[in-house]
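Peer 1: got a sequence here, can you build the structure:
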Amino acid sequence: MAPKDSTFSTKSWFDGSFQSTKEERLKHTLRTRPLLVRTYNQIWYWLDGYISARNVAIGENGYYYEKHYIAAYLGLDFIGEDSITKKVSEFQRLVDTLKTKGVSTLLLLAPGKVTVLPEYIPQEFSHLKRKTTNYDVFSKKLHESTIPYIDFNNYFISIKDSVQYPIYPKGGTHWSIYGSFLAVDTMLTYIEYLTKMDLPDYNYPVFDITSKPRSSDNDIAKATNRIWLNEKEKLLYPYLAVIDDSTKTKPCLLTVGDSYYWMLVNSGIQKQFFTDFNFWYYFKENFSSNSNDIQMVSSYPNLKHQIEKRDIIILIITDGNLNEFSWGFTEKILELYDN
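Peer 2: Down below sits the predicted model:
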């Protein structure tokens, strides 16, 4: 709601309240304000590379990065090997505990844009030497464990030079929509292996190729709030078609994770291959297909029931969030079973 307009008086003029109130009013009512702001940001970007979004940096060839992912890639947020060893050990115990309840668990290491495409990091970070990272140690410890996991960092690095279309868009912070579909193929195969269920078959009968980014493929470029973004590239947008077959099974899934999972939700994967829809975003907010469902995970009266009714639980986390691995999910569920 727009604030009330200012009323002129000698007192309000000289104490500045008239001007400040008028300014706030214009911020909400001036129709040209969005254009003026974008124009201002564009001019300053041309003059000295200024970017209004504090956490965004533009690297080589027009690649946008979020700075905290650069910090993670350089090891600036490293939490130490002992801490990571403990977290992996606790998650292993959670996996083993849930397995006795008939619940499978799958950890997805979502690919970080900087980890996959470090060659385009902005020059302003070139003087910083890469140290041991959370991802380095997590991947080592997970390899030594029996935790079911998929390392999409390794996978995306291995295919980035052979795929025809970008798996990371220039203006996006997440995997491209095309890249997320590549991840889905691997994920569904692993879920079938873990659950021994035969999930629906699918294909991609049609697709679009365009230089105009859609949805999340342009998210951090938009955050700079400029007029011309100039991240032209050919992007592939497949359309998923699930083959109707009543003999196939849809597992009951719970996902705990960060924003990388939203690409899978928005593409229809959740509805097409799994029953219901529960996504515990950062183990805080609950997003569900049931509009009457509670909105905060902490408000569930019986978390153990929510866990044990699932066929599989997925934890998805990108390397930029490994310093907060599982956001307390592991510890909370273990606490339920330890008491």
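
Peer 1: can you give me the strands for the stretch 1-150 of the chain?
Peer 2: 56-58, 64-66, 104-110, 149-151 (DSSP state E, counting those that start in this stretch).

Peer 1: mean pLDDT for the ones you listed: which is lowest?
Peer 2: Ranked by mean pLDDT, the strands of the stretch 1-150 of the chain end with strand 56-58 at the bottom, a mean of 84.

Peer 1: and that strand, which strands flank it?
Peer 2: Strand 56-58 sits in its sheet next to strand 64-66 (antiparallel), going by DSSP bridges.

Peer 1: how about CSV for the strands of the stretch 1-150 of the chain, with distance to residue 181 and mean neighbour count added?
Peer 2: Every C-beta, even on glycine, is put in place using the N, C-alpha and C of the backbone. Output for those, formatted as CSV (distance: least, CB to CB, whole Å; neighbours: other CB atoms under 10 Å):
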stretch, distance to residue 181, mean neighbour count
strand 56-58, 26, 20
strand 64-66, 21, 24
strand 104-110, 14, 23
strand 149-151, 15, 19
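
Peer 1: so which of those strands gets nearest residue 217?
Peer 2: With distances scored as CB to CB, the stretch of those nearest to residue 217 is strand 64-66 (11.0 Å).

Peer 1: can you list contacts of that closest one?
Peer 2: 55-59, 113-114, 120-122, 170-173, 220-221, 224, 231, 320 (CB atoms under 8 Å, 6 or more residues apart in numbering).

Peer 1: ok, 6 Å please
Peer 2: Under the contact criterion CB atoms under 6 Å, 6 or more residues apart in numbering, strand 64-66 has outside partners 55, 57, 58, 59, 114, 171, 173, 220, 221.

Peer 1: okay, the strands of the stretch 1-150 of the chain in a markdown table with distance to residue 126 next?
Peer 2: Below are these laid out as a markdown table (distance: least, CB to CB, whole Å):
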| stretch | distance to residue 126 |
| --- | --- |
| strand 56-58 | 12 |
| strand 64-66 | 13 |
| strand 104-110 | 26 |
| strand 149-151 | 27 |
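
Peer 1: for residue 329, find the nearest of those strands.
Peer 2: Across the strands of the stretch 1-150 of the chain, residue 329 has its closest neighbour in strand 104-110 (10.9 Å, CB to CB).

Peer 1: same for that closest one, what does it pack against?
Peer 2: If you count contacts as 3 or more CB pairs under 6 Å, 6 or more residues apart in numbering; DSSP states H and E, strand 104-110 packs onto strand 149-151, helix 152-159, strand 312-318.
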